[in-house]
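Q: Sequence and computational prediction follow.
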Amino acid sequence: MPRAVAVSPGTKTPEPVAAVEVRDLTKRYPGDVRALDGVGFTVPTGTVFGLLGPNGAGKSTTMKILTTLARPDSGTVRIAGLDVVAEPRRVRRVIGCVTQRSGVDPAATGRENLTLQGRLHGMSRAELARRVDELVELLDVGAVAERVAGGYSGGTKRKLDIAMSLIHRPRVLFLDEPTTGLDPEIRSEIWEHIARLARQERLTILLTTHYLEEADRLADRVSILDRGRVVAEGSPGRLKDDLNGDAVVVELVEPGMVGAARRALDGLTLVREVVAEGVAVRARVDDAAVAVPQVLAALTADGVAAASVTVAMPSLHDVYLHYAGRSIRETER
């Protein structure tokens, strides 16, 4: 697929146009709810970009604006060089979108769903037949392609949603929480398909998710949203490397002792960014070999029994905690 370029005056070397450019995006809802407050980021062509954050952070509002389904109060958005407000019809021709709610017709077969989608895009009969065959193979739905989609599993239906969004060979694919509600095994399978698409279809993919491990596995770069603002941006590796020290997770014997455990760790000078997560307490330390004995001693002194202690390198979960001041799970409760 040819890459769009912009030629700067006085230069001979063309510069690639970014697939997605967002500048100072704002959006308010009734009641002075500020969904977006100056959001900005750039997605280079041919990359996978993750837009991360809990429910209510502004991800879905951003996605609606980028896919021409809503208008911003201010700011600019360009998709493949096209302004989404001034040129929405042209934008829709170069994007594919998988929303949180499935667009599959349960009364039609998988192949019929794909064919109908292609006809809506005005594809010729021969071109459409070839493309349907390609996508059936690419998304591994050949075994069920002739079956009525109403009987599909959640994972298979999601793969068909993705295939339908690709029928017209878009340049940019938007995936809005593509694996929400799927069990871990199916979620991992969908991740593999998304990674394969990025390679084989030469797509630019913008992924919104509150599963931080999803972005860690798939994304070349991420932006972390919190309360309508970008609080951190960069490659997952760099963002994690910027956090010095180790992550310590203490699983507790008694769930009712989480509050006491958090207070005990808050009192230690070597421990920071303490949060409660279910039956565990999570924190960051500079030197786990020195800090863990102090953590266990403090818990014992306060009558808190630890079932296990795990030490690991920082994850995107720790990155979110560092920049947002709370864990993403804590935010969604």
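A: Yep, that arrived. Residues are numbered from 1 along each chain as shown.
Q: So which bits of stretch 226-245 are buried?
A: In terms of neighbour count (16 or more other C-beta atoms under 10 Å), stretch 226-245 has its buried residues at 226-233, 236, 239-240, 243, 245. C-betas here are computed from N, CA, C, even on glycine.
Q: other SSEs contacting the longest helix along the chain?
A: The residue-count maximum for a helix in the chain (DSSP state H) belongs to helix 184-200. For helix 184-200, the contact count by 3 or more C-beta pairs under 8 Å, 6 or more residues apart in numbering; DSSP states H and E identifies strand 48-52, helix 125-138, helix 154-165, strand 204-209, helix 212-218 as packing neighbours.
Q: For it, which outside residues touch it?
A: With contact meaning C-beta atoms under 8 Å, 6 or more residues apart in numbering, helix 184-200 is reached by 48, 138-140, 153-155, 158-159, 162, 166, 173, 175, 178-179, 182, 203, 205, 207, 211, 214, 217-218.
Q: One more: stretch 245-256?
A: Residues outside stretch 245-256 that contact it (C-beta under 8 Å, 6+ apart) are 258, 261, 265, 271, 277-288, 291-292, 295, 299, 304-315, 317-318.
Q: ok, and residue 38, which helix or strand is that part of?
A: strand 33-43 (DSSP states H and E).
Q: Burial check on residue 29, number of neighbours?
A: Close neighbours of residue 29, defined as other C-beta atoms under 10 Å, add up to 11.
Q: Now it. Nearest residue, chain neighbours left out?
A: In space, not counting the residues next to it along the chain, residue 29 is nearest to residue 35; the distance is 5.8 Å by C-beta to C-beta, 6 or more residues apart in numbering.
Q: List the contacts of residue 176.
A: When the contact criterion is C-beta under 8 Å, 6+ apart, the partners of residue 176 are 59, 60, 63, 97, 98, 99, 100, 208.
Q: would you put the C-alpha positions of whichever helix or strand the third one is part of in PDB?
A: Spelled out, that is residue 63. Take DSSP H and E as the rule and residue 63 turns out to sit in helix 59-66. Output in PDB follows, covering the C-alpha atoms of helix 59-66 (Å, rounded to 0.1, in the frame of the first residue of the first chain):
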ATOM      1  CA  LYS A  59     -10.900   6.900  25.600                       C
ATOM      2  CA  SER A  60     -14.300   6.300  24.100                       C
ATOM      3  CA  THR A  61     -14.900  10.000  23.600                       C
ATOM      4  CA  THR A  62     -11.600  10.300  21.800                       C
ATOM      5  CA  MET A  63     -12.400   7.300  19.600                       C
ATOM      6  CA  LYS A  64     -15.800   8.800  18.700                       C
ATOM      7  CA  ILE A  65     -14.200  12.000  17.500                       C
ATOM      8  CA  LEU A  66     -11.500  10.200  15.600                       C
END
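Q: Output the contacting helices and strands for it.
A: Counting contacts by 3+ C-beta pairs under 8 Å, 6+ apart, helix 59-66 is packed against strand 20-29, strand 33-43, strand 48-52, strand 74-79, strand 172-176, strand 204-209.
Q: and that helix, average pLDDT?
A: For helix 59-66, mean pLDDT rounds to 94.
Q: Now tell me what touches it from outside.
A: 20, 22, 25, 27, 35-36, 39, 51-53, 70-72, 77, 79, 84, 100, 174, 176-177, 206, 208-210, 225, 228.
Q: run the last query once more with 7 Å
A: For helix 59-66, the surrounding residues in contact (C-beta atoms under 7 Å, 6 or more residues apart in numbering) are 20, 25, 27, 35-36, 39, 51, 53, 70, 72, 77, 79, 84, 174, 176, 208, 225.
Q: ok now that helix, how far from the chain's centre?
A: Relative to the centre of its chain, helix 59-66 is centred 12 Å away, using C-alpha atoms, centre = their mean, to the nearest Å.
Q: Give me the contact list for the helix or strand harbouring residue 259.
A: Assigned by DSSP H and E, residue 259 falls within helix 258-266. Outside of helix 258-266, the residues within contact range by C-beta under 7 Å, 6+ apart are 250, 252, 271, 274, 276, 279, 281, 283, 295, 298-299, 302, 304.
Q: Please apply the same query to stretch 306-316.
A: Contacts for stretch 306-316 (C-beta under 7 Å, 6+ apart): 212, 215-216, 236, 239-240, 243, 246-253, 288, 292, 296, 299.
Q: Among those residues, the buried ones, what's the ChimeraX command?
A: The command below creates a ChimeraX selection of those among the contacts of stretch 306-316 that count as buried (16+ other C-beta under 10 Å):
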select :212,215,216,236,239,240,243,246,247,248,250,252,288,292,299
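Q: The contacts of stretch 306-316 in helices, which ones?
A: In helices, defined here by DSSP H, the members of these are 212, 215, 216, 236, 239, 240, 288, 292, 296, 299.
Q: Contact partners for the spatially closest residue to residue 84 that is not a sequence neighbour?
A: Leaving aside its chain neighbours, residue 84 sits nearest to residue 77 (4.5 Å; criterion: C-beta to C-beta, 6+ apart). With contact set as C-beta under 7 Å, 6+ apart, residue 77 has these partners: 22, 25, 65, 66, 84.
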